[in-house]
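> A predicted structure for the sequence below; I have some questions about it.
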Amino acid sequence: MNDRFLRACRREPVDRTPVWLMRQAGRYMPEYRALRQKHSLLELCRTPELAREVTLQPLGLGVDAAILFSDLLLPLEPMGIRFDFVSGEGPKIENPIRGADDVRALRRFEPRESLGFVMEAIRLLRRELQVPLIGFAGAPFTLASYALEGGHSSSFAITKTLMYSDPQSWHRLAGLLAELVLEFLTAQVEAGAQALQLFDSWVGALDEGDYRELVFPHVSHVLQGLKGCGVPLIHFGTGTAHLLALQREAGGDVIGMDWKLNLPATWDRLGKIAVQGNLDPALLFAKPEVFLEQARKILDAAASRPGFIFNVGHGILPETPVDHVLQLVDFVHAWRVNGQPNR
Ligand code: CP3
């Protein structure tokens, strides 16, 4: 069993710097595209045998962790929010939340029943994996933003309108999401997930005051509620330079950093915590000497500290050359300082 990823999450010494990549299973892989010819994205997510197969696809690249193949939006459906993925446009919500009445009408659900296929995929994978399995869910703000906006948004105007004009309904919505996500992640650990990542991908759109008042209580409900679950928690967001100290306070053993952050300076500011990041995924379109040089800079700055996990700062992009990903993983594993990384 390769456990260097889990050791780094706990800030223990490792033999090599662990590396995995957000969206490591996806459209850049020919095997994934071949399966997508036959099945929709939701079919892949809802069929444990297919989710298992896709989760395993990137492991041949040599990554040190598997992330369960699923999607952030799945918990919305049993709450009564219907959606589909429209080719080339991303997710489309059929009945987005439009006000207090819609928030009140949302249903609670038992994830072990309504999302039982996720736990079944985890159980299948744990029987054969040689690397740790990461489970995940969306954080309340990021999930709520899809439920309200109806899809991806750049301004988050509808979400902010609810937050500012009807904070009571906002807190009811975010509070419900927090409870359900906590239960869903707990169920993933019971099924065998060995680490969890909470994706608050879009929360960087808020200022510090709004984060503190409108989001912090709900994120900390999830992460503090998971504290005793026995697996490391990765707290991830993008564009959150101004929020990182609060995100850290909200909870998590590992903090995700995107490429806009100066990694060593930010790490110094945060103090003792494990860090995951932060190569710009767009760099993987450049020539190997270009992205490997940036990888080397990140490793030189971070990899001799306890608790560093190499990753991209946000998901791998669909057209990324597979060969570049392979070269990146090999490069991270070959990196050494005095023959002893991370000690
Ligand atoms: O990292 C992995 O390999 C695990 C799989 C995974 C997927 N979605 C599969 C997927 C994970 C961790 C997610 C999380 C997710 N889903 C997030 C948070 C992550 C982030 O990027 O910050 C969000 C916001 C979503 C919602 C979602 N799902 C969007 C916005 C899209 C469209 C994106 C796009 O690039 O078109 C999806 C679709 C999706 N989820 C794909 C994959 C591999 C695209 C696949 C396809 O169409 O075949």
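Sure thing, it's come through. Everything numeric in this text was worked out from a predicted model, so none of it was measured. Numbers count the residues shown, from 1 in each chain.

> centroid residue for the chain?
Nearest to the geometric centre of the chain sits F199, at 4.2 Å (C-alpha atoms, centre = their mean).

> the helix or strand hosting it near the ligand at all?
Taking DSSP states H and E as the definition, F199 sits inside strand 195-200. Yes. Counting by C-beta under 6 Å from any ligand atom, the ligand has neighbours in strand 195-200: F199. (Glycine included, C-beta is placed from N, CA and C.)

> and for that strand, what are the contacting residues?
Applying C-beta atoms under 8 Å, 6 or more residues apart in numbering, the contact partners of strand 195-200 are 5-6, 9, 65, 67, 72, 132-139, 141-142, 181, 185, 188-189, 219, 222-223, 226, 229, 231-237, 240, 247, 252, 256.

> following it, which helix or strand comes up?
The helix or strand immediately downstream of strand 195-200 is helix 208-210, counting by DSSP H and E.

> next, the buried residues of that next one.
Neighbour-count burial for helix 208-210 flags D210 (criterion: 16 or more other C-beta atoms under 10 Å).

> ok, back up a step: among the contacts of strand 195-200, which are in strands?
Counting by DSSP state E, the contacts of strand 195-200 place 67, 133-138, 233-237, 256 in strands.

> can you list the residues of the stretch 201-343 of the chain near the ligand?
So far as C-beta under 6 Å from any ligand atom goes, the stretch 201-343 of the chain lies against the ligand at 201, 315.

> grab the nearest non-local neighbour of T240.
Spatial nearest neighbour of T240, excluding adjacent residues (C-beta to C-beta, 6 or more residues apart in numbering): G204 at 4.4 Å.

> mind putting the ones in strands among the contacts of strand 195-200 in a markdown table, neighbour count, pLDDT and distance to D102 included?
Below are these laid out as a markdown table (neighbours: other C-beta atoms under 10 Å; pLDDT from 0 to 100; distance: C-beta to C-beta, whole Å):
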| residue | neighbour count | pLDDT | distance to D102 |
| --- | --- | --- | --- |
| I67 | 22 | 98 | 32 |
| L133 | 21 | 99 | 35 |
| I134 | 24 | 99 | 32 |
| G135 | 24 | 99 | 29 |
| F136 | 22 | 98 | 26 |
| A137 | 27 | 98 | 22 |
| G138 | 24 | 98 | 19 |
| L233 | 20 | 98 | 31 |
| I234 | 22 | 98 | 31 |
| H235 | 26 | 98 | 29 |
| F236 | 27 | 98 | 28 |
| G237 | 26 | 98 | 26 |
| G256 | 28 | 98 | 31 |
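
> and those residues, which two are the farthest apart?
Greatest spatial distance among the ones in strands among the contacts of strand 195-200 (C-beta to C-beta): L133 and G237, at 22.3 Å.

> packing partners of the top helix by length along the chain?
Secondary structure assigned by DSSP state H gives helix 167-191 as the longest helix of the chain. The contact analysis (3 or more C-beta pairs under 8 Å, 6 or more residues apart in numbering; DSSP states H and E) places helix 167-191 against helix 100-105, helix 111-114, helix 116-126, strand 133-138, helix 140-149, helix 157-165, strand 195-200, helix 216-225.

> just the angle for it relative to helix 157-165, thanks.
Helix 167-191 and helix 157-165 meet at an angle of 120 degrees, taking axes from the mean of the first three to the mean of the last three C-alpha atoms, to 10 degrees as the criterion.

> partner strands of the strand holding F199 and their direction?
When pairing is defined by DSSP bridges, strand 195-200 lines up against strand 133-138 (parallel), strand 233-237 (parallel).

> so which of those comes closest to P306?
Per C-beta to C-beta, nearest to P306 of the strands paired with strand 195-200: strand 233-237, 15.9 Å.

> please tell me how far the residue of the stretch 101-250 of the chain found nearest the ligand sits from V254.
In the stretch 101-250 of the chain, the residue that lies nearest the ligand is S201 (3.1 Å; C-beta to the nearest ligand atom). Distance, S201 to V254, by C-beta to C-beta, to the nearest Å: 16 Å.
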